[in-house]
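Visitor: One predicted model, sequence on top.
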Amino acid sequence: MKNIFFFLLFLSQSIIVFGQMIEKPFVYGETGGFVSNGENAPFWLYSNQFGVFNNNKNCLYARVLMGTEENREKKFEVNYGMDLYGIRDKSNNLQFNQLYATFRAFCIIFKGGLYRQVYGNQTSELSSGSVLFSSNARPYPKVSLGIDKYTFVPFTKGYVEIKGEVTHGWAENENRWVRDSYIHYKYVNIRFGGKKPLHFNYGYHHALQWGGVSSTLGRQPSSLKDFVYLFFAKNPPGANVVQSESFNQVGNHMGSRQYGLDYDFKNKTVGLYYQTIFEDKSGSKFISPQGDGLYGLTFKNNDETAHLKEVVLEFTKTTYQSGPIELVWVTDVPIPFWNPKAGNDNYFNNYIYQSWTYKGNTIGTPFITSPAINEKDSNIVTNNRVLAFYFAGLYEYNHLQCELKYSYSINKGTYSVPIGEKGQHSMMFKVGRDIPSLKDLHVQLCVGWDKGAFLGNSFALGVCAKKKF
């Protein structure tokens, strides 16, 4: 009886402590849809939407979002969230786009579940997204530990800040050559400048698909000991790997070096950034000799009275990929593979783990075409040699919030299956307004437009309403 008393006392105190860590929950409701006159919806209506929508021409949806908001003034904090969508189109479905819990102690945060995450040194939500990990794909189940916001490093007099994270996730099995595989992602970013107006940042990002069981190659290195080697992009000793893996590293490794420079004027900030992309050692140098990657320029107006709030200009290049290819036959696998020393990095594709995608969408930049767009029953990326010019802007006037996204891409397919040079214009314009007579109600109108030889021509109108309860 005494033990039960102490247990109940401990439990009650724990509930009180955790209750103090958790903020009051919020609830949002949202509903909307769009209709298109083309065969598919315009590109920017479904891209960078965390995999919520596909490219079906017509769509209706309803959404319930609930959870708690961060309060960084607390030393300890517990948060949770749920984001449920009901989609009605050709593939009617109900999906949890987010379902997660987090615990933070000082600057260190632990997360688990399905949660939206974007990595990279691009500074604006208007960006087309990080070259390696954007907002294009649906969140996959994962756990992570790290410092997710820049934090000052002790003994540097406030001039050096750092952030970083390590995640472990579980890949899907549908339409996959390897079942029960894992997704590893880690990054570290360091920023110099402190309270000075000029800041420089550098980041190293590493992604890895590993483990699992291949239907043709058997079980891949999957133990914790194997992972320790894979974490540092080293081959596990004694691992039973195919010939082609011995030339490079076991697993599907991808990486990005990222550089950024920004300057704070009195009420404005101007930033420059560059993100490399590589799939093997040939492209992993500090400055990529082939020039592939994401180049960005941002302008932010911090004056609340200003109408023009943000402008983003970006250029994405993924055409070189260490140069053209030389086909080599691997003796212990009944398929040919491309010799990595001869080029054709074949971004986001891998002959064992298939592709850097989740639920049919590329996890990285949306300009590398998602299989869900043109390869419905496959996870192979068929267009990864791309030149893309991108512009986005945010403008506010008389309680109206206006957002514009426009891109022009030149799509070349892959080295092994070229498609020539197919140009594509894509645009989205949104205008929204809060309705004062209906508390916390926001309505939004949207226009989407595509024209080109790659995705075709399409025009769409959309509407949505959001309300906080």
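Guide: Happy to help now that I have it.
Visitor: Which of the three states applies to the most centrally placed residue in the chain?
Guide: By Cα atoms, centre = their mean, the chain has its centre lying nearest to S134, at 2.3 Å. With DSSP: H, G, I helix; E, B strand; the rest coil as the basis, the three-state label of S134 is coil.
Visitor: I'd say it and Q117 touch.
Guide: No - using Cβ atoms under 8 Å, S134 is not in contact with Q117, being 10.2 Å away. For every residue, glycine as well, the C-beta is placed using N, CA and C.
Visitor: where do the strands sit along the stretch 51-200 of the chain?
Guide: For the stretch 51-200 of the chain, the strands defined by DSSP state E, counting those that start in this stretch cover 59-67, 76-88, 93-105, 108-114, 142-152, 160-170, 178-179, 182-192, 198-210.
Visitor: who wins for proximity to G413 among those?
Guide: For these, the distance to G413 is smallest for strand 198-210, at 22.8 Å, taking Cβ to Cβ.
Visitor: That closest one vs strand 182-192, what angle?
Guide: Interaxial angle, strand 198-210 versus strand 182-192 (axes from the mean of the first three to the mean of the last three Cα atoms, to 10 degrees): 170 degrees.
Visitor: the inter-axis angle of strand 198-210 versus strand 160-170?
Guide: Calculated by the same axes, to 10 degrees, strand 198-210 forms an angle of 20 degrees with strand 160-170.
Visitor: Check the offset of the helix or strand just after strand 198-210 from the chain's centre.
Guide: Later in the chain than strand 198-210, the nearest helix or strand by DSSP states H and E is strand 213-214. What separates the centre of strand 213-214 from the centre of its chain is 26 Å, taken as Cα atoms, centre = their mean, to the nearest Å.
Visitor: Tell me where the protein is predicted with low confidence.
Guide: For the chain, the stretches with pLDDT under 70 are 1-22, 238-248, 281-289, 325-343, 376.
Visitor: Helices along that one, start to end?
Guide: Secondary structure of the chain (DSSP state H): helices located at 2-21, 43-46, 224-231, 243-247, 371-374.
Visitor: The second one - contacts with which helices or strands?
Guide: What it means is helix 43-46. When contacts are defined as 3 or more Cβ pairs under 8 Å, 6 or more residues apart in numbering; DSSP states H and E, helix 43-46 sits against strand 400-413, strand 418-435, strand 441-452.
Visitor: ok, now with 6 Å
Guide: For helix 43-46, the contact count by 3 or more Cβ pairs under 6 Å, 6 or more residues apart in numbering; DSSP states H and E identifies strand 418-435 as packing neighbours.
Visitor: how far is the strand it packs on from where the chain is centred?
Guide: 19 Å.
Visitor: Now do it: everything it contacts.
Guide: 43-44, 399-413, 441-442, 444-455 (Cβ atoms under 6 Å, 6 or more residues apart in numbering).
Visitor: Check the residues you listed for burial and list the buried ones.
Guide: Neighbour counting by 16 or more other Cβ atoms under 10 Å classes 43-44, 401-413, 442, 444, 446-452, 454-455 among those as buried.
Visitor: give the contact list for F459.
Guide: Applying Cβ under 6 Å, 6+ apart, we find F459 in contact with N37, W449.
Visitor: and if you look at the one 5 residues further on?
Guide: Contacts of C464 were listed using Cβ under 6 Å, 6+ apart, and they are G32, Q444.
Visitor: beta partners for it?
Guide: Beta-bridge pairing of C464 under DSSP bridges involves G32, Q444.
Visitor: Could you give the number of residues near G420?
Guide: 10 (other Cβ atoms under 10 Å).
Visitor: likewise G323?
Guide: Neighbours around G323, by other Cβ under 10 Å: 13.
Visitor: The residue nearest to the centre of the chain: what's it in contact with?
Guide: Per Cβ under 6 Å, 6+ apart, neighbours of S134: G364, T365.
Visitor: With E161 as the reference, measure out to it.
Guide: Per Cβ to Cβ, to the nearest Å, S134 is found 24 Å from E161.
Visitor: what does I410 give?
Guide: According to Cβ to Cβ, I410 stands 38 Å off from E161.
Visitor: Kindly report the same for L114.
Guide: L114 sits 29 Å away from E161, going by Cβ to Cβ.
Visitor: dump the residue contacts of N350.
Guide: By Cβ under 6 Å, 6+ apart, the contact set of N350 is N252.
Visitor: which residues does it form a beta bridge with?
Guide: Beta bridges link N350 to Q354, judged by DSSP bridges.
Visitor: hang on, N93 packs against Y85?
Guide: No - the criterion here is Cβ atoms under 6 Å, and N93 misses it with Y85 at 8.2 Å.
Visitor: The two - which one has more neighbours?
Guide: Legend: neighbour count by other Cβ under 10 Å for N93 and Y85, higher for Y85 (20 against 10).
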